[in-house]
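# Let's see this in three dimensions:
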Amino acid sequence: MWQYIQSSPLLSSPLLSSPDGCIDTFFSQLQSCMERLADRKKYIIICGDLNIDVLCKNGKQIKLQCFMEEHGLNSITNMATRVSYNCNSGIDHIITNIPLENLTSSCNIEVGMSDHLLQQILVNYKTLNQNSSHMFEYKRMYTARNECMFIQELSNEEWPEVYAANSTNEKFTTFHQRFTELYNKCFPVRKLNTINNNKKDWVTKGIKVTSSNFRNLCKQVKTNNDPKLKDHYTKYRKIYRKVIDSAKRLSIKSEILNAKNITKTTWKVINRNMVRNAVVMMILLI
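Residues are numbered from 1 along each chain as shown. Reported below is the predicted structural model:
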């Protein structure tokens, strides 16, 4: 379950991994979730009892570390989170891709409710929101070198577990898991910085000047009853709206004609304008 907050750059999810569960299935499902969230361009917080002890280096811990490196994630857990009479372990996690400079503090708190300590992180939301224009996205790196590596890995794989499996379903599941591991290894998902540029291409210097003049006229009309001024304002408003509409049409036409995939770009433009209209309708209904 992912908690999505509208107009917020954060996306959070609580997780629980059973001690007796299949670790490969857990990471496979988590991998699928991360791939579906790749286009959200959100800061992610994963928290919960994963039953993977960060204080004990083993297969599970190494697998978790590789998963975090693949998706640009960091674990805030670096100390014991479950304390008992004869055992301490760090099986509770807070994993995030929030830059460390935006985390003001992190600590474990004893609340006296169980043998698990409460984990707390404080996020400097103000600076995080201010920097939201400098966002990121996750993409797989399909380079010639990675393709050669993938082919080599498949050539060297002998598939012993596949041949050892009894049923066809087991063979396919084993094959798919191993194939996915090699695929993720050779074509890792990398976090790439992007600029959230909301600048409208159709807003030219001339339109900015016209807009400034129009706003000044609006102010004058509100404080002046001169009929000539009102008539001038009405005519200027019509001209201003025609200029805006014409600039938008030319911008959309240029975007479509210069696109590599005209059909895809056309639907992109349509959906973009439909979303805007839907938001306006929602505001009017409220």
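# Tell me how far the longest helix anywhere in the chain lies from the chain's centre.
Ordering each helix of the chain by length in residues (DSSP state H) puts helix 227-257 first. Chain-centre distance of helix 227-257: 37 Å, with C-alpha atoms, centre = their mean, to the nearest Å.
# other SSEs contacting it?
Here helix 227-257 touches helix 205-223, helix 262-285, going by 3 or more C-beta pairs under 8 Å, 6 or more residues apart in numbering; DSSP states H and E. Where C-beta positions appear, they are placed from N, C-alpha and C, glycine not excepted.
# Now tabulate those in JSON lines and tack on mean pLDDT.
Formatted as JSON lines, those follow (pLDDT from 0 to 100):
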{"stretch": "helix 205-223", "mean pLDDT": "83"}
{"stretch": "helix 262-285", "mean pLDDT": "61"}
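# Which one of the ones you listed lies nearest to residue 65?
When the helices and strands packed on helix 227-257 are compared by C-beta to C-beta, helix 262-285 sits nearest residue 65, at 38.0 Å.
# hang on, the earlier thing: buried sites along the longest helix of the chain?
233, 240, 243, 244, 247, 251, 252, 255 (16 or more other C-beta atoms under 10 Å).
# Next, format those residues as TSV and append distance to residue 22 and pLDDT.
Shown next, in TSV, are those (distance: C-beta to C-beta, whole Å; pLDDT from 0 to 100):
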residue	distance to residue 22	pLDDT
233	71	87
240	64	88
243	63	88
244	58	88
247	57	88
251	52	87
252	50	87
255	48	86
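# Which of these sits closest to residue 269?
In terms of C-beta to C-beta, no member of the buried residues of helix 227-257 lies closer to residue 269 than residue 252, at 5.6 Å.
# Could you check which helix or strand contains residue 162?
In the assignment (DSSP states H and E), residue 162 maps to helix 160-164.
# Dump that helix to PDB, keeping only the CA atoms.
These are the backbone C-alpha positions of helix 160-164, laid out as PDB (Å, rounded to 0.1, in the frame of the first residue of the first chain):
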ATOM      1  CA  PRO A 160      21.100 -26.000 -13.000                       C
ATOM      2  CA  GLU A 161      18.100 -25.000 -10.900                       C
ATOM      3  CA  VAL A 162      15.900 -25.000 -14.000                       C
ATOM      4  CA  TYR A 163      16.900 -28.600 -14.900                       C
ATOM      5  CA  ALA A 164      16.500 -29.700 -11.300                       C
END
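# Can you give me the buried ones in it?
For helix 160-164, the neighbour count (16+ other C-beta under 10 Å) marks residue 162 as buried.
# Ok, stretch 27-37 next?
Going by neighbour count (16+ other C-beta under 10 Å), the buried part of stretch 27-37 is 27, 28, 30, 31, 34, 37.
# relative to helix 205-223, how tilted is the longest helix of the chain?
With axes from the mean of the first three to the mean of the last three C-alpha atoms, to 10 degrees applied, the angle from helix 227-257 to helix 205-223 works out at 150 degrees.
# Low-confidence ranges, this structure, go.
1-16, 38-41, 84-85, 104-105, 110-114, 125-138, 191-199, 274-286 (pLDDT under 70).
# quick one: residue 46 is in a strand?
Yes: using DSSP: H, G, I helix; E, B strand; the rest coil, the assignment for residue 46 is a strand.
# Among the buried residues of stretch 27-37, which ones are in helices?
Within those, residues falling in helices by DSSP H are 27, 28, 30, 31, 34.
# Can you say which two of these are spatially most distant?
Spanning the widest gap among those are 28 and 34, at 11.0 Å by C-beta to C-beta.
# Would you confirm that residue 53 contacts residue 59?
No: in this structure, residue 53 is not within contact of residue 59 by C-beta atoms under 8 Å, at 11.4 Å.
# Give me the more crowded residue out of these two.
Neighbour totals were compared for residue 53 and residue 59, and residue 53 leads with 20 against 9 (other C-beta atoms under 10 Å).
# The more buried one in helix, strand or coil?
Relying on three-state DSSP, one would call residue 53 coil.
# So what's the residue count around the closest residue to it other than its chain neighbours?
Nearest non-adjacent residue to residue 53, counting by C-beta to C-beta, 6 or more residues apart in numbering: residue 89, 4.6 Å away. Residues lying near residue 89 (other C-beta under 10 Å) number 18.
# Bridged to residue 89, which residues?
Bridge pairing for residue 89 (DSSP bridges) gives the partners residue 82.
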